[in-house]
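sequence first, predicted coordinates after that:
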Amino acid sequence: VSGGEDEIQQLQKALLDYLDENTETDASLVFSRKFYIAQWFRDTTMETEKAIKSQKDEDSSEGTHHAKDVETTGQIMHRAESRKTFLRSIIKAAPSQFSTLKMNSDTVDYEDACLIVRYLASMRPFAQSFDIYLTQ
C-alpha cells in the first residue's frame, strides 16, 4: 500500500467487511466495527480542523493571503468530505446491504485483518510520535 487516500479507504472497507462477516461468531465485533467507523470519522474531523487552523496561523503570521493556501484549504475540505461520505455510506448500510459494498472479502482472513489494523493504527498521530513520548 502506498498510503494514498484511496488505498486507506480500501483497507478500511476490507476491515469493516471482515468484522461484518464475523459478527455471528463474536458479538463484540459489532462494537469494534462501530468503534472504528466513529474513530475514523472523528479523526477526519480533527485532521481537517488542525490543517485549517495551521493554515490560518500561517496566513496571519505572513500578513497576506495566497491563492495557493485557498486551493490547499479547498483540497483539505474536499478530501475530508469524501472520507465522511464514505463513512456515512457505511453507517447507513444495513448489515445485509453491506454485502453489496464488499471488496474481495474472500481474501481477508484473521491475519490480514490484524495486519490492516496494525497499518491503520500506525497512521494515527500517537503511533507516529511514539518515539517522542518515549524520549520525554
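Everything's here; your move. Numbers count the residues shown, from 1 in each chain.

what about Glu81, how many residues close to it?
Using other Cβ atoms under 10 Å, the number of residues around Glu81 comes to 12. Bear in mind the C-beta positions are built from the backbone N, C-alpha and C, glycine included.

the longest helix in this protein is where?
In the chain, taking DSSP state H as the definition, the longest helix is helix 28-62.

quick one: contacts for the closest residue in space to Thr48 that isn't next to it in sequence?
Of all residues not flanking Thr48 in the chain, Ala80 sits nearest, at 4.2 Å (Cβ to Cβ, 6 or more residues apart in numbering). Applying Cβ atoms under 8 Å, 6 or more residues apart in numbering, we find Ala80 in contact with Thr44, Thr45, Glu47, Thr48.

and the helices in this protein, which stretches?
Counting by DSSP H, the helices of the chain are 5-21, 28-62, 67-92, 95-98, 110-122, 125-128, 130-135.

which one is the residue nearest to the spatial centre of the chain nearest to, not counting chain neighbours?
By Cα atoms, centre = their mean, the chain has its centre lying nearest to Trp40, at 4.3 Å. Spatially, and ignoring its direct neighbours in sequence, Trp40 is nearest to Leu87 (5.9 Å; Cβ to Cβ, 6+ apart).

for the one you found, give me its contacts.
Leu87 neighbours (Cβ under 8 Å, 6+ apart): Ile37, Trp40, Phe41, Thr44.

tell me the confidence at it?
Predicted confidence (pLDDT) for Leu87: 86.

tell me the contacts of Ala113?
Per Cβ under 8 Å, 6+ apart, neighbours of Ala113: Ala14, Leu15, Tyr18, Leu19.

make TSV out of those and add pLDDT.
Listed next are the contacts of Ala113 as TSV, based on pLDDT from 0 to 100:
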residue	pLDDT
Ala14	89
Leu15	89
Tyr18	88
Leu19	88
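
around Ile76, how many other residues sit close by?
17.

ok, it - contacts?
Thr48, Ala51, Ile52.

okay, it and Thr44: tell me how far apart.
10 Å (Cβ to Cβ, to the nearest Å).

which residues do those two both contact?
With Cβ under 8 Å, 6+ apart as the test, Ile76 and Thr44 reach no residue in common.

no further queries at this time; thank you.
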